[in-house]
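Engineer: Attaching a predicted model along with its sequence, questions to come.
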Amino acid sequence: MTLTATSAPGKIWSISLWIAQILLALVFGYAGVIKTFLPIPELAAMLIWPGDTPFWLVRFIGVAEFAGALGVVLPTLTRILPGLTPLAALGFVLVQLLAIPFHAVRGELAMALPINLVLLGLSLFVLCGRGKKAPVAPRR
């Protein structure tokens with residue numbers, strides 16, 4: 001198979017988006033599982049903030065992050081309601097936009113900001129890419 005000049009940019013977009021989607025799914029999937037299932041003292045030893053945050057909020061964030069991890073990959077992979085993928089990415093954008101001031105108020109910005117900005121960038125890339133530049137057609 002050879003790539004033509006017109007198919008190469010689309011192929012690059014598709015591969016780049018899949019890489020970003022998989023990275024987001026791995027990071028948020030892992031974060032979601034540990035925030036949902038680890039005992040709060042263990043989690044607080046790893047991340048500090050869960051010890052100072054209401055139990056229900058930590059668990060809610062965990063479930064939401066895990067659901068988002070599924071939503072950023074599965075709809076595109078199965079082509080069943082692929083429009084849900086940009087919505088999952090939008091959810092991750094919102095999570096990061098809320099996480100940055102949360103960590104700033106707590107004085108954790110130096111440690112948290114780099115990862116928050118990387119996740120924000122990946123989430124925006126998937127949101128724009130799967131929303132406008134390279135959307136996936138639903139299965140017929």
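Structural biologist: That came in fine, so what should we check first?

Engineer: Near the residue nearest to residue 37 when sequence neighbours are not counted, how many other residues are there?
Structural biologist: Using C-beta to C-beta, 6 or more residues apart in numbering and skipping the chain neighbours, the partner closest in space to residue 37 is residue 62 (7.6 Å). Glycine gets a C-beta too; all of them are placed from N, C-alpha and C. Residues near residue 62, counting by other C-beta atoms under 10 Å, number 21.

Engineer: Pretty sure residue 62 sits against residue 30.
Structural biologist: No - between residue 62 and residue 30 no contact is recorded; they are 10.4 Å apart, counting by C-beta atoms under 8 Å.

Engineer: On the three-state scheme, residue 125 is what?
Structural biologist: Here residue 125 is recorded as helix under DSSP: H, G, I helix; E, B strand; the rest coil.

Engineer: which residues sit in contact with it?
Structural biologist: When contacts are counted by C-beta atoms under 8 Å, 6 or more residues apart in numbering, residue 125 touches 16, 17, 20.

Engineer: again, only this time at 10 Å
Structural biologist: 16, 17, 19, 20, 21, 24, 89, 133 (C-beta atoms under 10 Å, 6 or more residues apart in numbering).

Engineer: next one: residue 63
Structural biologist: Applying C-beta under 10 Å, 6+ apart, one finds that residue 63 lies in contact with 32, 33, 35, 36.

Engineer: ditto for residue 68
Structural biologist: Going by C-beta under 10 Å, 6+ apart, residue 68 touches 24-25, 28-29, 31-32, 87-92, 94-95, 123.
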